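*Asks:* Sequence and predicted model, in that order:
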Amino acid sequence: MMSNRPTMQDVADLAGVSLSTVDRILSGRSKVKPATLRHVLEVAGRIGFHGVPVIRERLSETVPEARLGFLLNGNERALYADFAQRLTERTRASSKIRGTAEIRHLQSVAPAEAAGELLRLGQSCSAIAAVAVDAPEVHAAVASLALRGIPVFSMLSDITCPAVAGHAGADPRKMGRGAGWMMHRLCWRPGRVALFLGSRGYSAHRGYEAGFRSYLEEHCSPLLLLPPAETGESDAAAEALAAEILQSEPEIAAILVAGGGLHGVLRAIAADGRSGLVVIGTELGATVDAALSEGRVDAVLSHPTREVVEAVVAMMESAVVFGSPPERQQQGVPVEIRISETV
């Protein structure tokens with residue numbers, strides 16, 4: 001029976017190792033396999049053993065040091081500010097590497113900017129994960145880095161280049177079809193639907209559109225999809241586009257914002273004074289949760305941040321410890337869905 005204050009014997013018993021093994025870890029008198037260290041650390045942390053900092057230090061002495069690079073969209077958006085923080089924390093907490101994170105934020109969706117930032121990260125990082133457009137310039141940068149032994153992983157939106165080492169994210173086509181299912185049921189009258197894409201340069205955004213369009217067509221929806229508009233991932237651009245559509249389309253019934261721009265669309269709706277519009281987005285954040293609670297947004301389908309961060313950093317850790325994977329890794333995560341009643 002474990003005492004109120006966990007002892008070395010408690011740790012040994014629960015971890016299935018000898019007391020002498022725990023003693024060797026704490027004293028540092030002899031080496032213990034990293035796998036055993038990780039297991040003992042997990043058990044010790046779970047039961048609140050006082051020697052956790054020492055065990056963590058012993059583990060850090062056995063693992064390689066590595067800088068992980070992350071390329072994200074602008075940090076003025078809550079989604080990417082949150083991603084940056086979580087990626088930094090997860091990298092720092094790694095038990096497989098002594099990791100530090102280098103975060104770079106893009107200012108636009110221009111392929112040349114993404115390619116340049118990837119190459120700059122490659123000057124100091126052992127592995128890179130990126131949210132980037134799927135364009136030839138980006139493919140060339142990824143291939144160049146791979147030849148130098150620096151694996152590049154994609155997050156949220158896949159980069160369809162053979163040199164990409166892996167991808168972590170939800171299925172964008174399913175997200176689009178899910179948005180179609182919701183829209184089909186929430187719109188109580190026929191009307192027109194505006195679709196805002198961050199950029200068709202992102203493979204995920206092309207997937208959102210394809211899934212959304214296919215669901216409405218397959219179910220003979222009375223909703224008429226307007227030609228998609230691209231926001232460039234900008235709230236200001238999305239606001240201007242939405243204001244124009246609201247003025248020119250009196251029969252507008254719903255809006256899907258696939259990618260950045262949801263806050264700009266909400267500002268345009270508020271300025272127009274229109275009510276009864278169905279609004280669905282694909283990005284989470286505290287301000288989006290507030291909009292859901294207030295009924296200004298009906299639903300959000302998104303990549304779950306925590307699961308994506310865990311999946312991509314785990315792949316990067318493995319690449320640092322064991323080398324670049326011989327085959328492309330695919331880490332799918334479930335679509336996260338929020339409505340007013342779940343926030």
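*Replies:* That came through fine.
*Asks:* hmm, who's touching the longest helix seen in the chain?
*Replies:* Counting residues, the longest helix found in the chain (DSSP state H) is helix 305-322. Here helix 305-322 makes contact (CB atoms under 8 Å, 6 or more residues apart in numbering) with 63-64, 66, 68, 79, 82-83, 86-87, 90-91, 94, 96-97, 99, 126-127, 129, 151, 153, 155-156, 165-166, 168-169, 284, 325, 329, 331, 333-334. All C-beta spots, glycine's among them, are computed from the backbone N, C-alpha and C.
*Asks:* Setting aside sequence neighbours, what's the nearest residue to Val309?
*Replies:* What sits nearest to Val309 in space, not counting adjacent residues and going by CB to CB, 6 or more residues apart in numbering, is Arg86, at 4.6 Å.
*Asks:* what about the strands in the protein?
*Replies:* Secondary structure of the chain, counting by DSSP state E: strands at 65-72, 98-105, 127-130, 152-155, 166-169, 192-197, 224-225, 229-230, 252-258, 278-281, 299-302, 329-332, 336-338.
*Asks:* mind giving me CSV with those strands and columns for mean pLDDT and mean neighbour count?
*Replies:* Output for these, formatted as CSV (pLDDT from 0 to 100; neighbours: other CB atoms under 10 Å):
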stretch, mean pLDDT, mean neighbour count
strand 65-72, 96, 22
strand 98-105, 95, 18
strand 127-130, 98, 29
strand 152-155, 98, 28
strand 166-169, 97, 25
strand 192-197, 97, 22
strand 224-225, 94, 16
strand 229-230, 96, 18
strand 252-258, 96, 26
strand 278-281, 97, 24
strand 299-302, 96, 23
strand 329-332, 93, 15
strand 336-338, 95, 17
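*Asks:* how deep is Ser108 tucked in, by neighbour count?
*Replies:* 15 (other CB atoms under 10 Å).
*Asks:* Contact partners for it?
*Replies:* Gly232.
*Asks:* Would you mind listing the residues in contact with the nearest residue to Leu19 once chain neighbours are set aside?
*Replies:* Nearest non-adjacent residue to Leu19, counting by CB to CB, 6+ apart: Ala12, 4.6 Å away. Listed by CB under 8 Å, 6+ apart, the contact partners of Ala12 are Ser18, Leu19, Thr21, Val22.
*Asks:* Okay, and which of those map to helices?
*Replies:* Short answer: the contacts of Ala12 in helices (DSSP H) are Leu19, Thr21, Val22.
*Asks:* which one of those residues sits closest to Pro6?
*Replies:* Minimum distance to Pro6 across the ones in helices among the contacts of Ala12 is 11.1 Å, recorded for Val22 (CB to CB).
*Asks:* Hmm, the closest one is touching Thr7, no?
*Replies:* No - using CB atoms under 8 Å, Val22 is not in contact with Thr7; the gap is 9.4 Å.
*Asks:* More neighbours: these two, which one.
*Replies:* Counting neighbours by other CB under 10 Å for Val22 and for Thr7 shows that Val22 has the greater number, 26 against 16.
*Asks:* Tell me the spacing between the more buried one and Ser95.
*Replies:* Per CB to CB, to the nearest Å, Val22 is found 17 Å from Ser95.
*Asks:* And Ser108, by the same measure?
*Replies:* 37 Å.
*Asks:* Then Ala290?
*Replies:* 36 Å.
*Asks:* Looking at these two, which is more packed in?
*Replies:* The neighbour count for Ala290 versus Ser95, taken as other CB under 10 Å, is higher for Ser95 (18 against 12).
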